[in-house]
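Undergrad: 3D model of this:
(one chain, ligands or ions: 1)
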Amino acid sequence: MAAKKHKQPSVTVGQQTELEITGLGHAGEGVGRVNDFAIFVPGTIPGDQILAKIQEVKRNHGRASIIKVIRSAAGRVAPECVVAGDCGGCQLQHMAYESQLEWKRQLVVDALTRIGKFEEPLVQPVIGMAHPCGYRNKVQYPMGLVGGKVALGFYRRGTHAIVPIEECANTHPLCNKALQVVSYLLAEIGLVPYDEITGDGLIRHLVCRVSTAHNQLMVILVTNGKEVSGMAKLVEKMRAALPELVTVAQNVNTKRTNVIMGEKTRILWGAPYLIEELNGLKFAISPRSFFQVNSEQAAILCHKVVEYAKIGQRTRALDCYSGTGSIALHLAREGAHVIGIEVVPEAIGDAKLNAELNHISGAEFRVGRVESELPGILEEGSVDMAVLDPPRKGCESEVLGALLQAKIPRLVYVSCNPSSLARDLAILAEGGYELREVQPVDMFPQTSHVECVVLMSTRSPRRIF
Ligand SMILES: C[S@@+](CC[C@H](N)C(=O)[O-])C[C@H]1O[C@@H](n2cnc3c(N)ncnc32)[C@H](O)[C@@H]1O
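TA: Alright, predicted model coming up:
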């Protein structure tokens, strides 16, 4: 096969050029062209006319920054956040919210048609938020020295340089308050930030989690070592300054890694978990357990899963990658018998507790990798429906293989990554499943991310949907 020819770069690093932005890349950056050579410019949207400075030139595309917006696109809005241009967290704050939702739907359609090869997939309009800000119930702030001062913030786009912040428009107000208080106290007590390059220093991250239902706060300090002198004083001062605090935990991570949390967590003060609520169900969440970052939208997502799952009184269901059981318990409440599978033991502990908290008896939880647990579970008896809610990389091929062999009539796939979703749905479609409907939910307003709930069912003459 002939090698694919790339357009020769027609720009050089440092060059200034006028650009008409005509599209958006899948990470939410605007795309313009110089002699048909694609240039990606973060912070722009289609319709913008800008003066750009070329920052990087690769074989098949370049990257540029904005020097000046010459003419704004109709959908451009002023970002809420003062560090929107610097911080890597939000890619779409400069785009009107309605346009964000339309773009996200198209992103899903494009992934399904290009990667999944589905023709005209049924993708519903994205379910957005009435007030798309202040939604994040969990934030992880790296700590470092900026200009010789202790700083907590977010990483500058595409780097590991910390942009100090005092508040973030997308974060729950209680996390913003904790950020300000803990930043001040860490500097006052003189706790030394971790240095990624030398591996020295003690405090790596501040992680804040919030129960939106109860306005309660959990603070987790990720430390490079178990013993931290001054920690008792820090806890005491945090308790005095933050009446909403219910838990202070320490997580120890001594590895030279980008992974934020280590294996060991201990509660320094307070309850071992927060209690959040979704659709009238209570969820205990311990420091290391996964929980959707947007509780309001998570409730909508769980409703959609229940609708697609069509649970009856005898339904046998699986919740693969079950976390703290948020989906499993919604299904069990409808009368299904559900088995949840999850790899993090603490999350399984939370899920079992959550079943008790909600007086639900029809859910059991097994700790392990879905890849290894699923085949055995499928041999135990027939299953009517399965939910898949894997991490961003999607399902391992063994998981899809086991599902195809078992021919479970109905699958509900929940995904935060349209690309791996499209790849996995294509494998399932190839093996005999039909793609029925896709419901995107805006779990992450102002960012380029989107969550999808997908219904698939086996091709069969009987009417399933
Ligand atoms: C996207 S989260 C979904 C959690 C849950 N369904 C919810 O909505 O809260 C993915 C979950 O899969 C777990 N996980 C990751 N890899 C896994 C694997 N190979 N087997 C089982 N669980 C896994 C993670 O710990 C995480 O809890």
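Undergrad: For the rest of this, base every contact and every neighbour count on C-alpha atoms.
TA: Will do.
Undergrad: State the distance from Arg156 to Met261.
TA: From Arg156 across to Met261, the span is 20 Å (CA to CA, to the nearest Å).
Undergrad: and what of Cys208?
TA: Applying CA to CA, the value for Cys208 to Met261 is 13 Å.
Undergrad: got the buried residues for the top strand by length along the chain?
TA: Longest strand in the chain by number of residues (criterion: DSSP state E): strand 61-71. When neighbours are counted by 16 or more other CA atoms under 10 Å, the buried residues of strand 61-71 are found to be 61-66.
Undergrad: how many neighbours does the residue lying closest to Phe444 once chain neighbours are set aside have?
TA: In space, and not counting its chain neighbours, Phe444 is closest to Val450: 6.4 Å by CA to CA, 6 or more residues apart in numbering. Using other CA atoms under 10 Å, the number of residues around Val450 comes to 21.
Undergrad: Also Thr223?
TA: As a burial measure, the neighbour count of Thr223 was computed by other CA under 10 Å and equals 24.
Undergrad: quick one: pLDDT of Gly47?
TA: Looking at Gly47, its pLDDT stands at 94.
Undergrad: That one: neighbour count?
TA: Neighbour count for Gly47, taken as other CA under 10 Å: 18.
Undergrad: My guess is it contacts Ile21. True?
TA: Yes: proximity of Gly47 to Ile21 meets the contact threshold set by CA atoms under 8 Å, at 5.6 Å.
Undergrad: Return every residue with contacts to both of these two.
TA: Taking CA atoms under 8 Å, 6 or more residues apart in numbering as the contact rule, Gly47 and Ile21 touch no residue in common.
Undergrad: Let me know the pLDDT of Ala3.
TA: The per-residue pLDDT reported for Ala3 equals 51.
Undergrad: Kindly report the residues of this structure close to the ligand.
TA: Contact residues of the chain with respect to the ligand, defined by CA under 6 Å from any ligand atom, are listed as 290-292, 321-324, 326-327, 341-344, 368-370, 389-391.
Undergrad: can you do 5 Å?
TA: Counting by CA under 5 Å from any ligand atom, the chain comes close to the ligand at 290-291, 321-323, 342-343, 369-370, 390-391.
Undergrad: Next step: those residues restricted to strands.
TA: Glu342.
Undergrad: who does the longest strand of the chain touch, helix- and strand-wise?
TA: Using 3 or more CA pairs under 8 Å, 6 or more residues apart in numbering; DSSP states H and E as the contact criterion, the secondary-structure elements in contact with strand 61-71 are strand 37-41, strand 49-57.
Undergrad: quick one: it to strand 49-57, angle?
TA: Going by axes from the mean of the first three to the mean of the last three CA atoms, to 10 degrees, strand 61-71 is angled at 160 degrees with respect to strand 49-57.
Undergrad: So what are the sheet partners of strand 61-71 and their directions?
TA: strand 37-41 (parallel), strand 49-57 (antiparallel) (DSSP bridges).
Undergrad: Would you pull up how far that strand lies from the middle of the chain?
TA: Here strand 61-71 shows a centroid-to-chain-centroid distance of 28 Å under the convention CA atoms, centre = their mean, to the nearest Å.
Undergrad: for stretch 282-291, same thing?
TA: Relative to the mean C-alpha coordinate of its chain, stretch 282-291 is positioned 15 Å out (CA atoms, centre = their mean).
Undergrad: Which of the residues in it are classified as buried?
TA: Of the residues in stretch 282-291, those buried under the neighbour-count criterion (16+ other CA under 10 Å) are 282-291.
Undergrad: hang on, the earlier thing: so which of the strands paired with strand 61-71 is the most packed in?
TA: Relative to the other members of the strands paired with strand 61-71, strand 37-41 carries the highest mean neighbour count by mean count of other CA atoms under 10 Å, namely a mean of 23.
Undergrad: Dump the C-alpha coordinates for that one into CSV.
TA: Listed next in CSV are the C-alpha coordinates belonging to strand 37-41 (Å, rounded to 0.1, in the frame of the first residue of the first chain):
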residue,chain,number,x,y,z
PHE,A,37,-2.1,22.8,6.3
ALA,A,38,-4.1,22.4,9.5
ILE,A,39,-3.3,24.7,12.5
PHE,A,40,-4.9,24.0,15.9
VAL,A,41,-5.5,27.1,18.1
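Undergrad: Residues in contact with that strand: which ones?
TA: Residues outside strand 37-41 that contact it (CA under 8 Å, 6+ apart): 7-10, 25, 29-33, 52, 60-66.
Undergrad: Next up, the contacts around the residue nearest to Phe444.
TA: Val450 makes contact with 104, 416-418, 440-444 under the criterion CA under 8 Å, 6+ apart.
Undergrad: Can you pull the domain assignment for this protein?
TA: Taking automatic domain parsing as the reference, the chain has its domains at 16-76, 104-129+294-458, 138-278.
Undergrad: any chance of the ones you listed in TSV, with distance to Gly88 too?
TA: Below are the domains of the chain laid out as TSV (distance: least, CA to CA, whole Å):
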stretch	distance to Gly88
domain 16-76	10
domain 104-129+294-458	10
domain 138-278	4
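Undergrad: Near Gly199, how many other residues are there?
TA: Neighbouring residues of Gly199 were enumerated by other CA under 10 Å; the total is 12.
Undergrad: how would you label it: helix, strand or coil?
TA: For Gly199, the secondary-structure state derived from DSSP: H, G, I helix; E, B strand; the rest coil is coil.
Undergrad: what kind of secondary structure is Val207 in?
TA: The three-state label given to Val207 by three-state DSSP is strand.
Undergrad: Tell me which two of the buried residues of stretch 282-291 sit farthest apart.
TA: Across the buried residues of stretch 282-291, the longest distance by CA to CA is 17.7 Å; it joins Lys282 and Arg288.
Undergrad: Can you give me the end-to-end span of stretch 159-173?
TA: Distance across stretch 159-173, first residue to last, is 26 Å (CA to CA).
Undergrad: do the same with stretch 152-172
TA: Counting by CA to CA, the length from the leading to the trailing residue of stretch 152-172 is 17 Å.
Undergrad: That stretch - what's its average pLDDT?
TA: Averaging pLDDT along stretch 152-172 gives 88.
Undergrad: buried stuff in it?
TA: With burial defined by 16+ other CA under 10 Å, the residues of stretch 152-172 counted as buried are 152-157, 161-172.
Undergrad: Can you name the residues in contact with it?
TA: By CA under 8 Å, 6+ apart, the residues outside stretch 152-172 that reach it are 80-81, 83, 86-89, 132-139, 141-144, 146, 151, 176-177, 179-180, 183, 206, 210, 445-446.
Undergrad: And for stretch 333-344?
TA: Contacts of stretch 333-344 with the rest of the structure, by CA under 8 Å, 6+ apart, involve 289, 311-323, 325, 328, 331-332, 348, 360, 362-370, 373.
Undergrad: out of the residues you listed, which are inside strands?
TA: Using DSSP E, the subset of those located in strands is 316-320, 363-367.
Undergrad: helix, strand or coil for Leu217?
TA: Three states are possible here, and by three-state DSSP the one that applies to Leu217 is strand.
Undergrad: Can you show me the strands along the stretch 351-465 of the chain?
TA: Under the criterion DSSP state E, counting those that start in this stretch, the stretch 351-465 of the chain carries strands at the ranges 363-367, 385-388, 410-415, 433-441, 451-458.
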